[in-house]
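# Return atomic coordinates for the entry below.
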Amino acid sequence: MSTAVITGLVIGGLYGYIAQRGAFCLNSGFRFVITKRDYTKVKALGLAIAVQMIAMPAVFALGWAQPTFPSFFPVGAILGGLLFGVAMHWAAGCAAGVWFKSGAGNLGAVAGVIGLMLGATLFEVGPLKGLRDAVHGLGAVSFNATSLGLPLWALLVPLGVLLLVFLMRTETTKAGAWTWRRTGLLLGSVGVMAWPLSALVERQFGMSVIGGAVDLTRLTSGASIPAKGFGGWDILFVLGLPLGAYFAARKEGPMKLSIPKPEEFAKMFAGGVGLGVGASLAAGCTVGHGLTGVPLLAPGSIVTLAAIFVGSALTGYYTLAQAKKVPQTGSSGRPIMSGDCSGRPVPEGLKKMLSSCGDSPAVEPAPAGNGAKTITIIIQNPPYKGDNKAWHALRFAGASIAEGMNVHVHLLDDGVEVGKRGQKPPEGVVNLEELLKELMEYGLEVNACGLALDGCRIPEGEMIDGIPRGSMKTLASWVSSSDLVVTF
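Alright, predicted model coming up:
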């Protein structure tokens, strides 16, 4: 086997390291655009694309690699992209996301990886290959950027420069430990490096996940995988993703395993299957299309990425709708009353969040016609402390959501521990991690102070999914738009 194939492990490792440090996963990246109007990770993606659009023409001109455009099957791109976008929500990650998160100790992501490998293999080389071929047979488009008769650089470089200038004029924000600028610049650079390094083994393409996942499945079943071309390099690339993430996670201290409940395992596995099937139908995923094909203006990649965004947006809108929806009856069909005996209907899942019948009534609803009020809650105390302030804060957040209010929670000082995964409360005490997750399902927005995370030595990877690294600027923005601010 050629030693050059090891470069696949290097590129995969670099990607995993960067993605872990920059919290770069397009599941949350796309969803946050809808649910939080947060473009941080999308801007990182845009910068990675711009870097490659500017640099790749030089790589091709020097003969270090030859441009290859991802296939474009319009029906497959749309259907597969939509399925992939929806499945990201269930898998809690994109195709690369479940791989690198597994390396950071998220055992639920391992279920997503297994599901992805299974779904993609069934449709790529397994018994459902005929179904994929039938979808692809509904039409294929051979048009690409070179079909216009212009030099590739004449299209890519000007657009790349315009995109770069536009992005650099926007606000610098963080995701994970890094700003989107640092994450995007490094990801784009790794994307450029992938082409000439993989060309050393006669593989003319950049980064991709699905091929390696399928070939790894075949290899474990005893199939022979070639060292040259697509095969060995791709396998080492996907194996490098969790390896790089492992070393990135260790920078924050000893790595801790995150073990979800059995139902979460099943959910993430099913989501992984959806990722694999969707990517097979679309002939690529957020890496093969979004980070490799889009920088070449490949039509199939642009359509697929747009469809993935729409699919992800649908889950985002569904989450927002669930947050605003207050069902009048529970699973039993009987009216659901709030736990404080006020008689007001609340989501069934929030009953345990609310006060008991001996407490005072919940806050009054916002006056009709004035729209929903917004409240910001600051939690400074750790969970399970004697004064129970963190618990009371979440009870108040649940009551506020039940009253139709928009609620933000900012975790400050020792309060960042409320957002940690894998909490082990004292016997007989309510698990605040589970309560916080449930509130987030109903629309609660949470972030954790970055300085507090650093002071408590808590890496973002140990936080509940959906809790980003925040700042005083974020808190100030929330406070300025709130009708009420409460500190616990």
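# which stretches of the stretch 301-450 of the chain have low pLDDT?
322-372, 386-387, 428 (pLDDT under 70).
# rerun that using 90 as the cut-off
By pLDDT under 90, the weakly predicted segments of the stretch 301-450 of the chain are 316-374, 381-392, 395-406, 414, 421-444, 450.
# Quick one: the helices in it, in order.
389-402, 432-441, 450-455 (DSSP state H, counting those that start in this stretch).
# cool, the stretch 151-300 of the chain as well?
With DSSP H, counting those that start in this stretch as the criterion, the stretch 151-300 of the chain has helices spanning 152-168, 180-199, 210-220, 232-250, 262-282, 299-324.
# Export only the CA atoms of the fourth one, formatted as CSV.
Backbone C-alpha positions of helix 232-250 (Å, rounded to 0.1, in the frame of the first residue of the first chain) are rendered in CSV as follows:
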residue,chain,number,x,y,z
GLY,A,232,-8.2,3.5,1.2
TRP,A,233,-7.8,7.3,1.3
ASP,A,234,-11.5,7.8,2.0
ILE,A,235,-11.5,5.2,4.8
LEU,A,236,-8.6,6.9,6.5
PHE,A,237,-10.2,10.3,6.1
VAL,A,238,-13.3,9.2,8.1
LEU,A,239,-11.2,7.5,10.7
GLY,A,240,-9.2,10.7,11.1
LEU,A,241,-12.3,12.7,12.0
PRO,A,242,-12.9,11.2,15.5
LEU,A,243,-9.1,11.0,16.0
GLY,A,244,-8.6,14.7,15.5
ALA,A,245,-11.6,15.5,17.6
TYR,A,246,-10.2,13.4,20.4
PHE,A,247,-7.0,15.4,20.6
ALA,A,248,-9.0,18.7,20.3
ALA,A,249,-11.3,17.6,23.2
ARG,A,250,-8.3,16.7,25.3
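# And the helix or strand hosting residue 55, what's buried?
Assigned by DSSP states H and E, residue 55 belongs to helix 40-61. Buried residues in helix 40-61, defined by neighbour count with 16 or more other CB atoms under 10 Å: 40-57, 59-60. C-beta here means a position set from N, CA and C on the backbone, and glycine is covered the same way.
# Show me what the helix or strand just after that helix is packed up against.
Where DSSP H and E defines the elements, the next helix or strand beyond helix 40-61 is helix 74-91. Applying 3 or more CB pairs under 8 Å, 6 or more residues apart in numbering; DSSP states H and E, one finds that helix 74-91 contacts helix 26-35, helix 95-103, helix 107-124, helix 129-136, helix 262-282, helix 299-324.
# What ranges in the stretch 51-200 of the chain fall below the confidence cut-off?
Checking the stretch 51-200 of the chain against pLDDT under 90 turns up 92, 104-108, 139-140, 142-149, 171-177.
# one more time with 70
In the stretch 51-200 of the chain, no residues with pLDDT under 70.
# Spatially nearest residue to residue 22 (excluding sequence neighbours)?
residue 183 (3.0 Å; CB to CB, 6 or more residues apart in numbering).
# Contact partners for that neighbour?
Residue 183 makes contact with 18, 19, 21, 22, 24, 44, 47, 48, 175, 176, according to CB atoms under 8 Å, 6 or more residues apart in numbering.
# ok, and the closest non-adjacent residue to the first one?
Spatial nearest neighbour of residue 18, chain neighbours left out: residue 186 (4.8 Å); criterion: CB to CB, 6+ apart.
# Roughly how far does that neighbour sit from residue 22?
The spacing between residue 186 and residue 22, counted by CB to CB, to the nearest Å, is 8 Å.
# okay, these two: which has more neighbours?
In this comparison of residue 186 against residue 22, neighbours counted by other CB atoms under 10 Å, the higher total goes to residue 22 at 26 against 23.
# Backbone dihedrals for that one, please?
phi -100, psi 10 (degrees, to the nearest 10).
# wait, it sits on residue 178?
Yes: between residue 22 and residue 178 there is a contact under CB atoms under 8 Å: 4.3 Å.
# okay, how far is it across stretch 201-217, tip to tip?
21 Å (CA to CA, to the nearest Å).
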